[in-house]
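Visitor: When you get a sec, could you give me coordinates for this:
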Amino acid sequence: MLICICNLGENRIGNHLQTVVNDLVSVLSELEQGDFQSRWETAKQIPNFGESAIASLIDLLHKTPTDLELQWFVARILGQFDHADAVIALVHLLQSTDDDDIAEIAAQMLAQIGPQAVDALAPLLQDPQSRTLVVPALAQMQDAAIVPLLLSVVTDADVTVRITAIETLGRFHDPRIVPALRQGLIDLNAKVRRVAIMSMSYRSQLFTEQGQDPVALIAPLLNDLDLQVCQTAALALGRLATDAAAQALQTVASADLVPVPLKLTIVQALGQIGNHQSVQFLQKLWPHTTSSFQVFDDADQMVAEAIIKALTLNRQTAIQVASVQALIHCLHHQPSPDLTLNKTIASALGQLGDTEAIPDLIRLLGIPDMGVRLHAIAALKQIAPELSYIRLQALSEDDTVVEDVREGVAIALREW
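Guide: Numbering: from 1, shown residues only. The predicted structure is shown next:
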């Protein structure tokens, strides 16, 4: 009786396994013979069969080398198995295919498998043709095991490989990447230099730990032949946010014939630093002319507006006070009154919210332009509505106040 029960259990297991095998064969047949939509739906089912499906999928790769669509689907499915056989099959496909789409999906799937695929990918870096596919695949991995592999290609002849390698290395807090990033700073390709600058600014601590000054390394690139490299260097120094970085930025911005786009980026970077020294430098960069009869040209206007914006970025109380003082200085040092700048400065003073700005905002009420007056009124309300109202009331009753200011005060009181 016991023997019969055992035989019955074995038969049931055997029947179940046979059913699974039959189902897998059926699904694989549908994958092989179906159209794109059918294959898309079928591909979702195959991972449910587990690792037992891997061998059959590999057989399909060998059986249908000319069906590129099927090869693409099989590679995509294999990438869902964290198994050595799947890795080997994808590596072989990456090496053997002549189709870019197939090679790309194979590389992506190897990256998806992760660390186990690293050892399989390493030998492929020796081949220039496969290297352009392997490096992007490695770049998608988060494991530190890829660092030595990427270090080996940072001077590759292919610019794309160098860019991807340096950009990816910048994600790792690993002292081994320091020489690679320094190498990138002197690369002949401008985009490589830009990527190296950005990576260095995010990993500046690694350089400091090795006794290297990241500011001193990046600052010379403010004078690079490529404008975008200069701008990237400026933003990187802003990210480092040290006094030395601010000084380097100010020195270049103050030079003669500095391109306006670079000056604007430097102003942005100084605003990002947001300390007392950077506020002072922003004030020094305020455009000025040699004659009181001159007005700002378009470039001056853009720089001035950028400075105003930069001075409003920091919300630390001590820095805000310095920024308000700098904005008041800018307000009083225009070659000739500029309505747009007056409105912009008024709004900036309102954002910073310091009562020190109230007297100068009231003076703006004396400018016979409704736009300037409304901006000044809005700023006064934003800073201290009760205090501002009291001062306006007092001025409205003061016969010594000049007519334009009196008129502006009356408008403000009506708007309150």
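
Visitor: excluding its backbone neighbours, what's nearest I411?
Guide: Residue nearest to I411 in three dimensions, not counting chain neighbours: R373, with 5.7 Å by Cβ to Cβ, 6 or more residues apart in numbering. C-betas here are computed from N, CA, C, even on glycine.

Visitor: got the contact list for the one you found?
Guide: L364, L365, I367, G408, I411, A412 (Cβ atoms under 8 Å, 6 or more residues apart in numbering).

Visitor: tell me, what residue is most central in this protein?
Guide: M198 (9.3 Å; Cα atoms, centre = their mean).

Visitor: Now for A394, which secondary structure element holds it?
Guide: helix 385-396 (DSSP states H and E).

Visitor: isn't D360 right up against H329?
Guide: No: taking Cβ atoms under 8 Å as the definition, D360 is not a contact partner of H329, at 10.2 Å.

Visitor: ok, the two, which is more surrounded?
Guide: More neighbours surround D360 than the other of D360 and H329, with 18 against 12 (other Cβ atoms under 10 Å).

Visitor: which SSE is that one in?
Guide: Assigned by DSSP H and E, D360 falls in helix 358-364.

Visitor: If you count contacts, what does that helix end up packed against?
Guide: Packing partners of helix 358-364 (3 or more Cβ pairs under 8 Å, 6 or more residues apart in numbering; DSSP states H and E): helix 317-332, helix 339-352, helix 370-383, helix 385-396, helix 403-415.

Visitor: would you turn those helices into a markdown table with mean pLDDT and distance to L311?
Guide: Below are the helices and strands packed on helix 358-364 laid out as a markdown table (pLDDT from 0 to 100; distance: least, Cβ to Cβ, whole Å):
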| stretch | mean pLDDT | distance to L311 |
| --- | --- | --- |
| helix 317-332 | 92 | 4 |
| helix 339-352 | 95 | 6 |
| helix 370-383 | 96 | 14 |
| helix 385-396 | 92 | 21 |
| helix 403-415 | 90 | 24 |
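
Visitor: Kindly present these as JSON lines, with separate columns for distance to D187.
Guide: Below are the helices and strands packed on helix 358-364 laid out as JSON lines (distance: least, Cβ to Cβ, whole Å):
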{"stretch": "helix 317-332", "distance to D187": "37"}
{"stretch": "helix 339-352", "distance to D187": "40"}
{"stretch": "helix 370-383", "distance to D187": "48"}
{"stretch": "helix 385-396", "distance to D187": "56"}
{"stretch": "helix 403-415", "distance to D187": "58"}
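
Visitor: who wins for proximity to L68 among the ones you listed?
Guide: Nearest to L68 among the helices and strands packed on helix 358-364 is helix 339-352 (58.6 Å), distances taken as Cβ to Cβ.

Visitor: State whether S52 and V25 are indeed in contact, as I suppose.
Guide: No: with contacts counted by Cβ under 8 Å, S52 stays clear of V25, the gap being 11.5 Å.

Visitor: The nearest residue to Q272 once chain neighbours are set aside is in what secondary structure piece?
Guide: For Q272, the nearest residue in space outside its immediate sequence neighbours is G238; the separation is 3.8 Å by Cβ to Cβ, 6+ apart. In this assignment (DSSP H and E), G238 forms part of helix 227-240.
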